[in-house]
Every structure is written in structure tokens, then in C-alpha cells.
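> Okay, sequence plus prediction incoming.
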Amino acid sequence: MSAQFALTASLISRLRRIASVGIVLLLAACASTPPTPEGFYRVQRGDTLTRIARDNGQTVRALMNMNGIKDPNAIDVGQLIRVRSGATASTSSGGSATGGKPQTTQPPVRTPRPTTTPARSISLAWPAEGKLARGFNGSSHNGLTIANTAGTPVTAAAAGTVAYSGSGLRGYGNMIIVRHDGQYLSIYAHNRKLLVSEGQKVTRGQRIAEMGNSDSSQVGLYFELRYDGKSVDPTRFLPKR
């Protein structure tokens, strides 16, 4: 009986760890994907040039000419594809887009980018005292940066379960991820010290970390809110200061 219990406990611990790693990998993927310039499309897994052309009101030949593509089957995940004549992209945007002479084609059909509208709302409390040094913009900064002195208490913005507590993702330092009801996750990064462990239940306002500058040049808390894996503006759910 005790051996069976030990096996079950070990399995549960392993599954929790796998889930935590999955969350971290999701964050890493989102953090490492640069914004796509206007007039371009970034190739996703499973895409074909035919599908990209169709979705953007172009022909395969037009896209091949605009991007200098010789083989329509030779496109890579993450590659930038010019889908509108005259569009330009800098190398700093990630990926590359090479092209020959622009070709006059019919105007592309603009497909609006999908937006994430939370099906359920969430009520948050500010996770730390301090100055709002940088806000959410949905592209280069997907959360809030709250500046204060090292050691300032960091508290859970809402009740939930600690899904991750560690420093396994470069750029986030000592980080905590709390899973809430309704497909929400809250992220607390760059802490000096972590005060909770994975699997622990936390309450709204409970102290979970100390503010610091791990993996950051300045002391401050990076706070992010995700719904269904996508970043949303936390100020929509926070009380006004």
C-alpha cells in the first residue's frame, strides 16, 4: 500500500512538473516571436504558399516573384513572406524577406487578426506597490513593469494555484506563475526571492515574492496576465490607482 502511494505521489509530482515546463515553454515561444511587420506574413507550422496566397488575395506566382522564392514548397517556419507589393521589413524584426521586382497584383484581401476576448472576467489586485514604469502595448511589452526598491513585497493578484516557481526561462529571472479560474494565468518576474512553491494554493493579496532585478538591469516587477495562453492588458481588470 505504501509503495503504491509513493508511486502515485511520484507520478503526480512528475505530471505537475511536466505541466509547469509546458507553461514555461509556452511563454518562451511567445516571448521569442517578434512582431510581424505590416504587409508581411510569418510562416506557421503546416502553412503552404498556396494557402498563404489564397488567404491574402494573391497568387502563388505573385508571392514567389515578390519574395524571390524559386521553389514554392521550400518555405520555413518563422520565415517572413511579403504579401503586399511595396512592403518592407528590417532585419531587426526577425526572419528575413528577400524579394525581386514588385509585381502589380489585385489588392490583397485583409484578414483581420484574431483578438482574444476573455469569456470570463477576473478581478485583480495590484501585485506590488510602486510606480508604473511601463505599460502594456500588446507587441513589445506584454505586461506591466512596476518599479520600486528591492525587497518590496510582491503579492498574488488573485487567488489560485502556483503552477511554476523557479528561474528556468531566460529573460524572466526568478519567476512565479499562478493559475486562476477561467483560463487565466498571472506571471510575476525578476523577483529577488520566491516565497511559494509549485502546487501551493495562494489567496488574493498573499505575499509570494520579493521584488528584485534577477535577469533585469533595474529593480522592478514584471507582471503579465494571460487568458487562454495569450497576453491581455492587466489594467482592464485592475482597480484604478
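Done, it's in. Residues are numbered from 1 along each chain as shown.
> only C-alpha atoms for contact and neighbour calcs from this point on.
Fine.
> T48: what's it in contact with?
73, 75 (C-alpha atoms under 8 Å, 6 or more residues apart in numbering).
> How much space separates it from G212?
45 Å (C-alpha to C-alpha, to the nearest Å).
> Please identify which helix or strand holds H190.
Using DSSP states H and E, H190 sits within strand 184-194.
> Which strands or helices does that strand pack on?
Judged by 3 or more C-alpha pairs under 8 Å, 6 or more residues apart in numbering; DSSP states H and E, the packing partners of strand 184-194 are strand 174-180, strand 207-211, strand 221-227.
> Do a quick rundown of the helices in the protein.
2-32, 49-55, 60-67 (DSSP state H).
> Quick check: buried residues in the second one?
What it means is helix 49-55. 49, 52-53 (16 or more other C-alpha atoms under 10 Å).
> With stretch 213-222 instead?
Result for stretch 213-222 [16+ other C-alpha under 10 Å]: buried residues 213-216, 219-222.
> related to what we said a few turns ago, partners of the strand holding H190 in the sheet?
Partners of strand 184-194 in the sheet, by DSSP bridges, are strand 174-180 (antiparallel), strand 207-211 (antiparallel), strand 221-227 (antiparallel).
> Where does the record place the domain boundaries for this protein?
Using automatic domain parsing, the domain ranges for the chain come out as 2-32+117-236, 40-93.
> Compare the mean pLDDT across these and name the weakest.
Per-stretch mean pLDDT for these is lowest at domain 40-93 (a mean of 79).
> what pLDDT does E38 get?
Reading off the model, E38 has pLDDT 79.
> and it, how far is that from R82?
For E38 relative to R82 (C-alpha to C-alpha), the value is 9 Å.
> quick one: which of the two has more around it?
R82 (28 against 12; other C-alpha atoms under 10 Å).
> in the sheet, who's paired with the more buried one?
Bridge pairing for R82 - DSSP bridges - gives F40.
> separation between it and R207?
Taking C-alpha to C-alpha, one finds R82 at 48 Å from R207.
> Then N56?
Applying C-alpha to C-alpha to N56 and R207 gives a distance of 49 Å.
> what residues does stretch 191-211 touch?
Under C-alpha under 8 Å, 6+ apart, the answer for stretch 191-211 is 16, 125, 127, 148-166, 173-176, 190, 212-214, 219-221.
> Just the CA coordinates for it, please, in PDB.
Output of stretch 191-211 as PDB, limited to C-alpha atoms (Å, rounded to 0.1, in the frame of the first residue of the first chain):
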ATOM      1  CA  ASN A 191      12.000  38.700  -8.300                       C
ATOM      2  CA  ARG A 192      14.800  38.700  -5.700                       C
ATOM      3  CA  LYS A 193      13.300  35.900  -3.700                       C
ATOM      4  CA  LEU A 194      10.500  33.400  -4.300                       C
ATOM      5  CA  LEU A 195       8.300  32.600  -1.300                       C
ATOM      6  CA  VAL A 196       5.900  30.000  -2.700                       C
ATOM      7  CA  SER A 197       6.300  26.600  -4.300                       C
ATOM      8  CA  GLU A 198       4.600  24.700  -7.100                       C
ATOM      9  CA  GLY A 199       1.200  23.300  -6.300                       C
ATOM     10  CA  GLN A 200       0.700  25.700  -3.400                       C
ATOM     11  CA  LYS A 201      -2.700  27.400  -3.100                       C
ATOM     12  CA  VAL A 202      -2.400  31.200  -2.700                       C
ATOM     13  CA  THR A 203      -5.000  33.800  -1.800                       C
ATOM     14  CA  ARG A 204      -5.500  37.300  -3.300                       C
ATOM     15  CA  GLY A 205      -3.000  39.700  -1.700                       C
ATOM     16  CA  GLN A 206      -0.800  36.900  -0.300                       C
ATOM     17  CA  ARG A 207       2.900  37.600  -0.300                       C
ATOM     18  CA  ILE A 208       4.500  35.300  -2.900                       C
ATOM     19  CA  ALA A 209       7.900  37.000  -3.600                       C
ATOM     20  CA  GLU A 210      10.200  39.900  -3.000                       C
ATOM     21  CA  MET A 211      10.800  42.400  -5.800                       C
END
